[in-house]
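Trainee: have a look at this prediction, sequence included:
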Amino acid sequence: MSDVFKAIADTTRREILLMLAQQPTNVNEIAEKFQVSRPAISRHIKVLRDCNLISVESDKVDGRQINCYAQLEALAEVEAYISKLESFWKSKLKGLGSYLDKQKEEGKE
Amino acid sequence: MKKAIKFEVTYDHPIANVWKALTDKEAMSEWLMPCDMEPVVGHKFQFRTKPYPGFDGIVNCEVLTVDEPKLLAFSWSGGSLENTRVTFRLEAQGEKTKLHFEHGGFDGLLNKLIVRRILAAGWKKKILAVQLPKYLKHNQ
């Protein structure tokens, strides 16, 4: 089994992972973003792939493009966390409106 | 995955009143959570709410930007969040005020959860003894 920890201990690989976590991206776009050589990116991709942190697949339209996808169970957890936080803020910002209305009614504005 | 939580809300109140509600600790304590906030850059404060499993109920914050009456930003660390950033940007629209709200900086959360996943995945001994200290040292 490959060493996952070693895989994400590398800053570039962690950034690639974070980038893919936001959206699937093809290898060329990753290489452009990090301004390192295509072979170097391919090596990083291989390390991430070997420990199942990402999956790769040829593009359905342009077969020469290789798309990369993050596959982390942790992502689902982050999504859930952020979505909870989003509800929290939504309700608090509504509460801010009620607070302001109340201040006005009480003549404090 | 979302990079940031964003909301735009228009309040039927002048900008000065909205600004006051965002920077007065009693107002903040009422509409958001009990806190000891002061609108001074560098001021460290806490929000305190009811704890639940995995969260001690405390959010540690530091005021990052104060530009009366347009911009307020503070850091937000608590629960699984470390060093995220909350920003309130106000825009006067006659007697109304448009709020551009943003809470972002979740990359650290992802890193933390990745690490947690890995720790749970059965390499505990090696990781705790060797890799984790190395990793933490590397990322200081």
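Mentor: Thanks, I have it.
Trainee: all strands of chain B, in order?
Mentor: Taking DSSP state E, the strands of chain B run over residues B:4-11, B:44-48, B:58-67, B:71-78, B:81-93, B:96-104.
Trainee: would you list these in a markdown table and tack on mean pLDDT?
Mentor: As requested, these are arranged in a markdown table below (pLDDT from 0 to 100):
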| stretch | mean pLDDT |
| --- | --- |
| strand B:4-11 | 94 |
| strand B:44-48 | 97 |
| strand B:58-67 | 98 |
| strand B:71-78 | 96 |
| strand B:81-93 | 95 |
| strand B:96-104 | 96 |
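Trainee: export those as JSON lines, with columns for mean neighbour count and distance to chain A.
Mentor: C-beta here means a position set from N, CA and C on the backbone, and glycine is covered the same way. As requested, the strands of chain B are exported to JSON lines (neighbours: other Cβ atoms under 10 Å in any protein chain shown; distance: least, Cβ to the nearest Cβ, whole Å):
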{"stretch": "strand B:4-11", "mean neighbour count": "15", "distance to chain A": "5"}
{"stretch": "strand B:44-48", "mean neighbour count": "16", "distance to chain A": "11"}
{"stretch": "strand B:58-67", "mean neighbour count": "17", "distance to chain A": "11"}
{"stretch": "strand B:71-78", "mean neighbour count": "18", "distance to chain A": "10"}
{"stretch": "strand B:81-93", "mean neighbour count": "17", "distance to chain A": "8"}
{"stretch": "strand B:96-104", "mean neighbour count": "18", "distance to chain A": "6"}
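Trainee: need those in CSV with distance to residue B:19, can you?
Mentor: CSV is the format used below for the strands of chain B (distance: least, Cβ to Cβ, whole Å):
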stretch, distance to residue B:19
strand B:4-11, 11
strand B:44-48, 17
strand B:58-67, 10
strand B:71-78, 8
strand B:81-93, 6
strand B:96-104, 8
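Trainee: so which of the ones you listed comes closest to residue A:87?
Mentor: strand B:4-11 (9.8 Å; Cβ to Cβ).
Trainee: low-confidence ranges, chain A, go.
Mentor: For chain A, the stretches with pLDDT under 70 are A:1-5, A:72-77, A:108-109.
Trainee: what residue is smack in the middle of chain B?
Mentor: residue B:76 (2.6 Å; Cα atoms, centre = their mean).
Trainee: I'd assumed residue B:87 was in contact with that one.
Mentor: No - applying Cβ atoms under 8 Å, one finds residue B:76 not in contact with residue B:87, separated by 10.2 Å.
Trainee: hang on, the earlier thing: next up, the contacts around the residue nearest to the centre of chain B.
Mentor: Residues in contact with residue B:76 (Cβ atoms under 8 Å, 6 or more residues apart in numbering or on different chains) are B:59, B:60, B:61, B:83, B:84, B:85, B:86, B:103.
Trainee: run the last query once more with 6 Å
Mentor: B:59, B:61, B:84, B:86 (Cβ atoms under 6 Å, 6 or more residues apart in numbering or on different chains).
Trainee: do the same with residue B:112
Mentor: Contacts for residue B:112 (Cβ under 6 Å, 6+ apart) come out as none.
Trainee: give the contact list for residue B:23.
Mentor: residue B:39.
Trainee: now with 10 Å, please.
Mentor: B:37, B:38, B:39, B:40, B:63, B:66, B:68, B:69, B:72, B:88 (Cβ atoms under 10 Å, 6 or more residues apart in numbering or on different chains).
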